[in-house]
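*Asks:* no letters, just coordinates:
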């Protein structure tokens, strides 16, 4: 049996009342908060993330780290449901700027324990007057989905006097239909978070295929340039898991289970006749949006006793 979180499973007895959920239309952008605790351990799975993350690894779905313009393969992994684009007209911190960049976990060595660090550069622009808001990244959905977005900030140490303030002092995300998070402070009270340790501004986002979301940064008063360190995407935080519908084909006996899910997450399906002994049907069911269907063509067609099903998030 695969491991599972005991609070994240749904149970259904064949024949109970059926409930059904539907996906809402329209884009939403909701600020979650600023993670100024995790710092360089963004890919360390044994470091608890302050706003909840199912596997304690930031960037499970994908990421773009704005380090160098020479195509380092560690810098980019597109999520299965979207593409990440750089807004033209900005520049990377290139080779030679390493002493002036913060560091965090190397994505190629994700896991438990101490992970070697990778330099985190930034994507920057000479933005003009204080308070200018510049766009840096665009995220285009290729299907209806929801996800959690992290924006990487505070990536420039005090290597050159004042350079610390190159990173954007606040962040916002906009989307279609007037979706707008508003500016979210990325420095903290009296700028206590601006300490050259990498921070992350977190948003929950949902939208439909073709929607474009734009990530913006606001220039800090103490430096003429404006910059962000990149973005990463994760499944939204899972709070509930529920079997919403179950139906059986009269001819074949195959039984279809529909359950609430997270796009891209992995689930296991079990059956039981007594709620004591469980048999695993499948431990590789991929979440296909807000709801996912699984068809039991193995147990249901031949079982005539009471049959229970449960869904586990792996």
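*Replies:* Nice, thanks for sending it over. The structure presented is a predicted model; accordingly, all values stated were derived computationally and were not measured.
*Asks:* for the chain, which spans come out with low pLDDT?
*Replies:* 1-25, 68-71, 238-240, 304 (pLDDT under 70).
*Asks:* any idea which residue is closest to the centre of it?
*Replies:* residue 234 (1.5 Å; CA atoms, centre = their mean).
*Asks:* beta-bridge partners for it, please?
*Replies:* Here residue 234 sits in beta bridges with residue 148, going by DSSP bridges.
*Asks:* cool, and residue 126?
*Replies:* Counting by DSSP bridges, residue 126 is bridged to residue 225.
*Asks:* pretty sure it contacts residue 219?
*Replies:* No - using CB atoms under 8 Å, residue 126 is not in contact with residue 219; the gap is 9.5 Å. Using the backbone N, CA and C atoms, a C-beta is placed for each residue, glycine as well.
*Asks:* quickly list what's touching both of the two.
*Replies:* Residues touching both residue 126 and residue 219 (CB atoms under 8 Å, 6 or more residues apart in numbering) are 225, 226.
*Asks:* these two - which one has more neighbours?
*Replies:* With neighbours defined as other CB atoms under 10 Å, residue 126 and residue 219 compare such that residue 219 has more, 26 against 12.
*Asks:* excluding its backbone neighbours, what's nearest the more buried one?
*Replies:* In space, and not counting its chain neighbours, residue 219 is closest to residue 226: 3.9 Å by CB to CB, 6 or more residues apart in numbering.
*Asks:* ok so residue 177 is a helix residue?
*Replies:* Yes - per DSSP: H, G, I helix; E, B strand; the rest coil, residue 177 lies within a helix segment.
*Asks:* assign the closest residue to residue 298 other than its chain neighbours to helix, strand or coil.
*Replies:* Excluding its sequence neighbours, the residue lying closest to residue 298 (CB to CB, 6+ apart) is residue 281, at 6.3 Å. At residue 281 the chain is in strand, as set by three-state DSSP.
*Asks:* in contact with the closest residue to residue 282 other than its chain neighbours, which residues?
*Replies:* Using CB to CB, 6+ apart and skipping the chain neighbours, the partner closest in space to residue 282 is residue 269 (4.9 Å). For residue 269, the contact set (CB under 8 Å, 6+ apart) comprises 257, 280, 281, 282, 285, 294, 296, 309, 310, 311, 312.
*Asks:* mind checking how far residue 269 is from residue 30?
*Replies:* Applying CB to CB, to the nearest Å, the value for residue 269 to residue 30 is 31 Å.
*Asks:* if I look at the residue nearest to the centre of the chain, how far off is residue 278?
*Replies:* Distance from residue 234 to residue 278, counting by CB to CB: 29 Å.
*Asks:* before I go, just wanted to say thanks for your time.
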